[in-house]
Each structure stands twice: as C-alpha cells, then as structure tokens.
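Visitor: need the 3D shape of this:
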Amino acid sequence: MADLFAPPPAQEPTPTAAAPENGPLAERLRPRTLDDVIGQDHLTGPDGAIGRMVAAGKLSSMILWGPPGTGKTSIARLLADAVGMRYVSISAVFSGVADLRKAFAEAESMAGLGRRTLLFVDEIHRFNRAQQDGFLPYVERGTVTLVGATTENPSFALNAALLSRAQVLILHRLDAAALGQLLARAEETIGVPLPLTPAARDALIASADGDGRFLINQAETLFDVSLAAPLDPAELSKFLMRRMAVYDKDRDGHYNLISALHKSLRGSDPQAALYYLARMLTAGEDPLYVLRRLVRFASEDIGLADPQALIQCLAAKDAYDFLGSPEGELAIVQACLYCATAPKSNAAYVAQKAAWNSARETGSLSPPSNILNAPTKLMKDIGYGAGYAYDHDAEDGFSGADYWPEGMRPQAFYRPVERGFEREVLRRLEWWDKKRQERRGDK
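Guide: Presented below is the predicted three-dimensional model:
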C-alpha cells in the first residue's frame, strides 16, 4: 500500500544528499545541517525559533519571509531531515490545484502509515486566496506541516486565516561577514582562491546586496575562467554584468522605499532622502510616481510653513515633462532637496482631517442666512443676505462676523505652528481672533 502512494524520488529529495561534483556551485554549497546555515543564527541557533523546535522534535507550520538568496529553501529541507519528516516540495509558480490535491492525498496516506509530511511551498504568495484557503483543513488536522517561503510581506500577500495557523519567521539579508563566509566556503570547495584583489573581493560582496545565491553564481563565473592576474574592482565590473537593484514596482520594495523617502523628508534629512530617491529611480520607478508623492508631501508635511514647496514640486513635474530622463531627473532632485530642507508643518493635513470629520457630523446645518446669496425676490424676502457685513467697508478690512451655522460653535481646525511662514500666519490668526472678540463685545 505504501508503494502505491509514495511520491517518486524526485519529489522527495534527501536533504543531506551531496550534489554531484560537476553540479552548480550553489547546489554543492547547500548546507548539510542547520548549523551550516549562514546568517540566520537568530532563527537556527539554539535560542532561535527553529533551533528550539528542532530541539523539541516538533515543528509548527511556518512562513519563512526574507529576501532572495537568504536560505529559505535550504532551511526547509534541513528542517524535515532534522526531525525525521517526509519532505515534499512544490512551487506556487509551477503548481496548480491538481498538484496540491495530489500532495495532500499522499500526505494523508503517509500519515496513516505513521509518516509525517513537511510540505514546502516556494513562492507561496503566488497562490491566490482560494488556493491558500485550500491549505487550511490539512494544516488544522496536522496532515501536513506547512513551510511556506515568500519574499513578500505576509500581512499583504497571505490570507489572515492561513497566517493565524502559521508562525512568521523573518530571515535577514546576508551581511558582508556572512557573504564573506560563503565565498570562503566556495574557495574551499573548488580548491583555489577567487582571482580577485582584496578590494575587488569587497566589491563583489557589495554587489550581491545580501543575496547569497547571486554571489555564488558570480563566483562560479570567476572560477570557470583562467586569468593571468587577479582582477581589481574596475576590471571586475567590466567582467561581470552589473547587478540590477532588487525592486518590484508593485510590491514590498516599492512601498518600503517610498515610505523611507517620505519619512526621511519629514525628518529633514536631505542626504537620506536623496539616497532613497536614487534607489527608486535607478531601479526603474516611474519618475511621475515619485513626483506625485513629493507634491503630496509638500502639502501634507510642509503646507504653509513654506508655500514655495508645492510650487517647487509642481515646477519639477513640468520640468520633467519638458526634459524627460535623464535631464529632467535633476529637477526631481531639486524638489526633493527643497522639501527635505523646508520647515515642516502638518497643520494643513490635520486641519483637513478635522474639518472633514466635522462636515460629516454636521452636514445638514445651513450656513447663516446673512451670508447666503439672494438672487431672487423671494430669497430676499425670507432674509437671505440680510445684514451681511461687507468686510472691505470696515476700516481695517475685517468685519468680525460669525460665519458658522446656527447651533454650531466656531471650530479651530487649523492651528499653525511656530515654524517658517506659518509663524506669520499664526500672527494673522491671533490678530483676527482679537479683533473678532472686540467687534462682538467679548472682551
């Protein structure tokens, strides 16, 4: 019976099996135990979540969330081996409902024979909501222990129901020290040092941007050639294709970087703001998207503290429309720097929120009749416009009239701050408030 339901060997690889000597270097360097995993000690170490589960001999379902090339697949394979579970792997990119049904049916059969199944789902965020829901009964019954891998934020990419049944574990991008360890392992495996000067070696590590798989693939290219002398950084950049920035314009990278740009601007750090702006534009972000965010920022976080900020941002949009890339990007840089160095105030933003809330609560109140237009005789007869005080007729151009609906107390939605031009606006408001009290006899 077991032979009828057992998956073919290709679906159930042995985690500790060594890759062929002529296989890809990345496969040959895959860790054989969890102790060999580089850069994720916070998870795989004795005090980490994975380390504790392995020590207890019992795994819970989990989602491994981290950048590419940080060891998600390797960890999943090693987890199954460490606790003696059957390992089945599918990819959400290449698998469909039929593949899931087959995997679950085999897992149920094996569970009847006392064999537990670890189901590894790579790129799990690629499954739609209905497909993700399909995991729930099998995870709840313990038919499978689910280990999903994703590069996307699980809060946005996965069903809440599925997340409630799995522990989210975050893998860190590999730092320079971890990437250096990977290169050392590669050199030990190949038996020769990389043909690089120390500076070029550092440049190679920096180019990986935390991606171990990318680094090993680049190293393998270097091992496969015969060079008369070690390459320096300039020669290395010519020899290897330049790595493009990791950036999905509709996913986490997009939202993380625009958030970082916005908060750097708000924090008046022009250097950091310029860095995140460069990250987005060099990775292929639409410059008009960045400009829209700058225009929004000029109103939301600067407002009347510096009214020129909005003008600068709109001028940058016009300049970019006129010049295009790359010349027009300098205007975006100018607007970015202007916003970062401008005095900040969210008073207009706060005022908008408060006014909108008040309008929703009191939207049925009519304005006072004295400030209503009276284009017809009937409207005049019922008092529209009667007693309206024309401000320009007042000696100081200010009548001090009450413009609020009857039954509604005057509100103070807009509260300028003591920064930039809003300091002057604040003085104006204080002067008008004083005059208003004098005109109404509220001294």
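Visitor: and stretch 286-302, what's its mean pLDDT?
Guide: Across stretch 286-302, the average pLDDT comes to 94.
Visitor: can you check stretch 436-443 too?
Guide: The average pLDDT within stretch 436-443 is 72.
Visitor: that one: how far from the chain's middle?
Guide: 53 Å (Cα atoms, centre = their mean, to the nearest Å).
Visitor: same thing with stretch 228-245?
Guide: For stretch 228-245 - counting by Cα atoms, centre = their mean - the centre lies 30 Å from the chain centre.
Visitor: export that stretch as PDB, just CAs?
Guide: Only the C-alpha atoms of stretch 228-245 are listed here, as PDB (Å, rounded to 0.1, in the frame of the first residue of the first chain):
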ATOM      1  CA  ALA A 228      46.600  35.900 -15.800                       C
ATOM      2  CA  ALA A 229      46.300  38.100 -12.700                       C
ATOM      3  CA  PRO A 230      43.700  38.900 -10.100                       C
ATOM      4  CA  LEU A 231      41.000  41.400 -11.100                       C
ATOM      5  CA  ASP A 232      40.800  44.800  -9.500                       C
ATOM      6  CA  PRO A 233      37.400  46.400  -8.900                       C
ATOM      7  CA  ALA A 234      37.300  48.200 -12.300                       C
ATOM      8  CA  GLU A 235      38.200  45.100 -14.100                       C
ATOM      9  CA  LEU A 236      35.700  43.100 -12.200                       C
ATOM     10  CA  SER A 237      32.900  45.500 -13.100                       C
ATOM     11  CA  LYS A 238      33.700  45.000 -16.800                       C
ATOM     12  CA  PHE A 239      34.000  41.200 -16.400                       C
ATOM     13  CA  LEU A 240      30.700  40.700 -14.600                       C
ATOM     14  CA  MET A 241      27.300  42.000 -15.600                       C
ATOM     15  CA  ARG A 242      26.100  44.800 -13.200                       C
ATOM     16  CA  ARG A 243      23.500  43.600 -10.700                       C
ATOM     17  CA  MET A 244      20.200  45.500 -11.000                       C
ATOM     18  CA  ALA A 245      18.600  46.700  -7.900                       C
END
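Visitor: tell me which residues of that stretch are tucked away?
Guide: By neighbour count on 16 or more other Cβ atoms under 10 Å, the buried set for stretch 228-245 is P230, L231, P233, E235, L236, F239, L240. Backbone N, C-alpha and C define where each C-beta goes, glycine included.
Visitor: make JSON lines out of those residues and add distance to S61 and secondary structure.
Guide: Formatted as JSON lines, these follow (distance: Cβ to Cβ, whole Å; DSSP: H, G, I helix; E, B strand; the rest coil):
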{"residue": "P230", "distance to S61": "48", "secondary structure": "coil"}
{"residue": "L231", "distance to S61": "46", "secondary structure": "strand"}
{"residue": "P233", "distance to S61": "45", "secondary structure": "helix"}
{"residue": "E235", "distance to S61": "48", "secondary structure": "helix"}
{"residue": "L236", "distance to S61": "43", "secondary structure": "helix"}
{"residue": "F239", "distance to S61": "44", "secondary structure": "helix"}
{"residue": "L240", "distance to S61": "39", "secondary structure": "coil"}
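Visitor: closest one of those residues to L163?
Guide: L240 (39.1 Å; Cβ to Cβ).
Visitor: ok, now which ones touch the nearest residue to that closest one once chain neighbours are set aside?
Guide: Nearest non-adjacent residue to L240, counting by Cβ to Cβ, 6 or more residues apart in numbering: Q218, 5.7 Å away. By Cβ atoms under 8 Å, 6 or more residues apart in numbering, Q218 lies in contact with L204, S207, A208, L240.
Visitor: give me the buried positions along the helix or strand harbouring Q218.
Guide: When secondary structure is defined by DSSP states H and E, Q218 falls within helix 212-223. Under the neighbour-count criterion of 16+ other Cβ under 10 Å, helix 212-223 has G212, R213, F214, L215, I216, N217, Q218, A219, E220, L222, F223 buried.
Visitor: I figured the last one was touching P193, is that so?
Guide: No. Because the distance of 9.8 Å does not satisfy Cβ atoms under 8 Å, F223 is recorded as not touching P193.
Visitor: for D202, what are its contacts?
Guide: Applying Cβ under 8 Å, 6+ apart to D202 gives the contacts A176.
Visitor: what are the phi and psi angles of it?
Guide: With angles defined as degrees, to the nearest 10, D202 sits at phi -60, psi -40.
Visitor: mind pulling up the pLDDT for it?
Guide: 89.
Visitor: tell me how far it lies from L179.
Guide: Per Cβ to Cβ, to the nearest Å, D202 is found 10 Å from L179.
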